[in-house]
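quick one: sequence plus predicted model below, questions after.
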Amino acid sequence: MVPVVVGEGTLERVVEQPADLHPHVAGEIGGGEHADHAAPYRRRVREIRLAARPQGWPTAETFEMADVPMPEPGPGQLLVRNLVMSVDPYMRGRMNDVKSYTPPFALGEPLDGAAIGEVVSSPAGNVPVGSFVVHGLGWREYAVVDAGRARVVDAADSSYLGVLGMTGLTAYVGLVDIAQFREGDTVFVSGAAGAVGSVAGQIARLRGAKRVIGSAGSDEKVRHLIDDLGFDAAFNYREAPVRKQLRAAAPDGIDVYFDNVGGEHLEAAIGSLTKYGRVAMCGAIAGYNETSAPAGPRNLALAIGKELNLRGFIVSNHNRRMPDFLADVGPWVRDGRLRARETIVDGLENAPAAFIGLLKGENTGKMLVRLAS
Ligand SMILES: NC(=O)c1ccc[n+]([C@@H]2O[C@H](COP(=O)([O-])OP(=O)(O)OC[C@H]3O[C@@H](n4cnc5c(N)ncnc54)[C@H](OP(=O)(O)O)[C@@H]3O)[C@@H](O)[C@H]2O)c1
């Protein structure tokens, strides 16, 4: 992949060239014409649907592009031209036909997820045309959104989908509320170069952690964690057993583990946690494409003697913490003490490749798809 850095300052935006991103996926989805947003409703626009439920890894066949008539907003609704959409690991779970904390995606129906767009029609006039809104109907060029479910923001700033949005809040809630982080803690974060992990590790550093350790899947990401994000230590989990590398990075053990990965990482962390250690169970991405249930951490019984606290959470149940999060973390983002990178893929037709790339670790920071500018 040849990333092109298009932004400067604390928010680095890296545009991935679609041809470099899974060429076998990019471009294989049939496409319609790009819609002209000034055009009337007779125009046709594009959306991506779930074509098949993946067994294991999603592939190009998981998705289908559909041409549909421009949707028309009803009373109390907005027509939004989507500009940027988010791809997130939880979407993989929603492709399975299983009951979870969010309902599964329906076969043959458009996928959904967070997006930011511009209001192009607002019949009730309650949200002015030209406003930018964050909403939940990504994976399509135009969305009809209930005005009550759209959050007006000051700019079409993709950080509202990442560091100042759901993923940033996840890092904050997980570290502060769930893991009960305290100044002087030694903190280990897995998936540390990703959207949530990179913010969690930096919040720990900025709130006075004794030591912050991260794991990631490439040497380049390890360098990024130490040189750009200020982690005290980091390692490439693909190179040697996590248990061994974590022991070397934290010889006195860890007090907090922010778990984005599960599996071998969780087992290693349980081994390294000190007495009364705390774990925020945020995600378990190592198992999302597995076709059989993963073995639990073989050393879970250590949690008894060490009196560990392992606690899961779902960020959408903690939205009330958004104002505190923005008050605490917003200034760090603005003044550059907390850095956030974005990996941006261009074009709705490349959203499936971006999503699969996310699961494979092709992103650094938040993975986003730019639909229009
Ligand atoms: N609980 C909640 O409410 C909540 C909310 C948001 C996200 N999450 C969870 O938080 C985690 C991170 O989400 P995100 O949005 O920030 O995604 P992300 O970390 O930006 O992207 C996913 C990353 O996972 C890593 N990964 C993939 N397979 C792996 C494996 N087998 N072992 C170790 N790492 C692997 C990849 O990085 P490498 O190159 O380092 O492998 C990839 O970049 C996910 O588990 C997600 O489900 C939970």
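Structure's in. What do you need?

what mean pLDDT does stretch 77-85 get?
Averaging pLDDT along stretch 77-85 gives 98.

might you report the residue contacts of the nearest residue to Ser158 once chain neighbours are set aside?
Nearest residue to Ser158 in three dimensions, chain neighbours excluded: Val84, at 4.7 Å (Cβ to Cβ, 6 or more residues apart in numbering). In short, each C-beta sits where N, CA and C put it, glycine included. By Cβ atoms under 8 Å, 6 or more residues apart in numbering, the contact set of Val84 is Ala115, Ile116, Ala156, Ser158, Leu161, Ile344, Leu368, Val369, Arg370, Leu371.

what strands line up against the one helix or strand Val84 maps to, and which way round?
Val84 belongs to strand 77-86 when elements are defined using DSSP states H and E. Strands adjacent to strand 77-86 in the sheet, as given by DSSP bridges, are strand 115-121 (antiparallel), strand 142-146 (antiparallel), strand 366-370 (antiparallel).

between those strands, which gets nearest to the ligand?
Closest to the ligand of the strands paired with strand 77-86 is strand 366-370 (Cβ to the nearest ligand atom; 5.9 Å).

can I get the CA coordinates of that closest one in PDB?
Coordinates of the C-alpha atoms in strand 366-370 are reproduced here as PDB (Å, rounded to 0.1, in the frame of the first residue of the first chain):
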ATOM      1  CA  LYS A 366      -9.700   5.200  12.100                       C
ATOM      2  CA  MET A 367     -10.700   3.500   8.800                       C
ATOM      3  CA  LEU A 368     -13.100   5.700   6.800                       C
ATOM      4  CA  VAL A 369     -14.500   5.800   3.300                       C
ATOM      5  CA  ARG A 370     -14.900   9.100   1.500                       C
END
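
which parts of it are buried?
Buried residues in strand 366-370, counting neighbours by 16 or more other Cβ atoms under 10 Å, are found at Lys366, Met367, Leu368, Val369, Arg370.

the residues you listed also near the ligand: which ones?
Filtering those for proximity to the ligand by Cβ under 6 Å from any ligand atom leaves Met367.

OK, now which residue of the stretch 201-350 of the chain is nearest to the ligand?
Gly283 (1.8 Å).

ok, now the stretch 101-250 of the chain?
Closest point on the stretch 101-250 of the chain to the ligand, by Cβ to the nearest ligand atom, is Gly194, at 1.8 Å.

which residues touch that residue?
Ala216, Asn260, Asn363, Thr364, Gly365.

cool, Val80 as well?
115, 117-120, 133, 135, 137, 142-145, 150.

same deal with Ser190?
Per Cβ under 8 Å, 6+ apart, neighbours of Ser190: Gly197, Gly214, Ser215, Tyr237, Tyr257, Phe258, Asp259, Asn260, Val261, His265, Ala269.

helices and strands around the one helix or strand the first one maps to, which ones?
It stands for Gly197. Counting by DSSP H and E, the element that carries Gly197 is helix 195-206. The contact analysis (3 or more Cβ pairs under 8 Å, 6 or more residues apart in numbering; DSSP states H and E) places helix 195-206 against helix 166-172, strand 186-189, strand 211-216, strand 254-259, helix 322-335, strand 340-346.

give me the low-pLDDT residue ranges for this structure?
The chain contains residues with pLDDT under 70 at 1-42.

which residue lies nearest the spatial centre of it?
Asp88 (4.4 Å; Cα atoms, centre = their mean).

in space, what's closest to it - neighbours in sequence excluded?
Gly113 (6.2 Å).

now do Leu79
Ser121 (3.8 Å).

check Glu47 too.
In space, Glu47 is closest to Arg140, 3.6 Å off (Cβ to Cβ, 6+ apart).

one step back: isn't the residue nearest to the centre of the chain up against Leu111?
No: judged on Cβ atoms under 8 Å, Asp88 makes no contact with Leu111 at a distance of 11.0 Å.

same for the ligand: which of the contacts of Gly194 are within range?
Ala216, Asn260, Asn363.

what is the nearest of these to Glu61?
Asn363 (22.5 Å; Cβ to Cβ).
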